[in-house]
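J.: coords please:
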Amino acid sequence: MTEAARKLKNSKRVMAAKQISTTRALYKFLLREARKLPEDATKFYSKQIRAGCEQHAEEDDPERLQQIYDRAIEDAEWIVKKYKKT
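T.: Numbers count the residues shown, from 1 in each chain. Next comes the predicted model:
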C-alpha cells in the first residue's frame, strides 16, 4: 500500500470516528481499534473500554458526552499509533 493510500484510509477512518454520536457506536469503534493491537494489549484495553463505558453510563448531558466521545477517539488513535511504532 502506498503512503498516499495509507493516508487516505486513515483520514477516512478519522472522519468516520468524528461522526460518532451514540455511546454504542463509540463502544464498537473502540473495540475495533483495540483489535488492531497485540493480543495482550487488546485484552487490557477491551477491559478499560468496558470500564469507561460503565463509569459514564449515567451521563446524560449531550455536551459532556461529546467531550467524552472526542477524548476517547483521540486516545484510541494515540494508542494505535503507539503500538504501530513498536
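
J.: Can you show me the helices along the protein?
T.: Listed in chain order, the helices of the chain (DSSP state H) span residues 3-18, 23-34, 39-55, 62-85.

J.: Give the other helices and strands that the last one contacts.
T.: Going back to what we said before, that points to helix 62-85. Counting contacts by 3 or more CB pairs under 8 Å, 6 or more residues apart in numbering; DSSP states H and E, helix 62-85 is packed against helix 3-18, helix 23-34, helix 39-55. The C-beta positions use only the backbone N, C-alpha and C, and glycine is treated the same way.

J.: and those, which one is worst for confidence?
T.: Comparing mean pLDDT across the helices and strands packed on helix 62-85, the weakest is helix 3-18, with a mean of 58.

J.: Let me see the contact set for the closest residue to Ser21 other than its chain neighbours.
T.: Distance criterion CB to CB, 6 or more residues apart in numbering; nearest residue to Ser21, sequence neighbours excluded, is Tyr69 at 7.7 Å. Counting by CB atoms under 8 Å, 6 or more residues apart in numbering, Tyr69 touches Ile20, Ser21, Leu26.

J.: Number of residues surrounding Ala25?
T.: A count of nearby residues for Ala25, using other CB atoms under 10 Å, gives 14.

J.: do the same with the one 4 residues further on
T.: The burial count assigned to Phe29 is 19, neighbours taken as other CB under 10 Å.

J.: Looking at the helices of the chain, which one is packed in the most?
T.: helix 23-34 (a mean of 17; mean count of other CB atoms under 10 Å).
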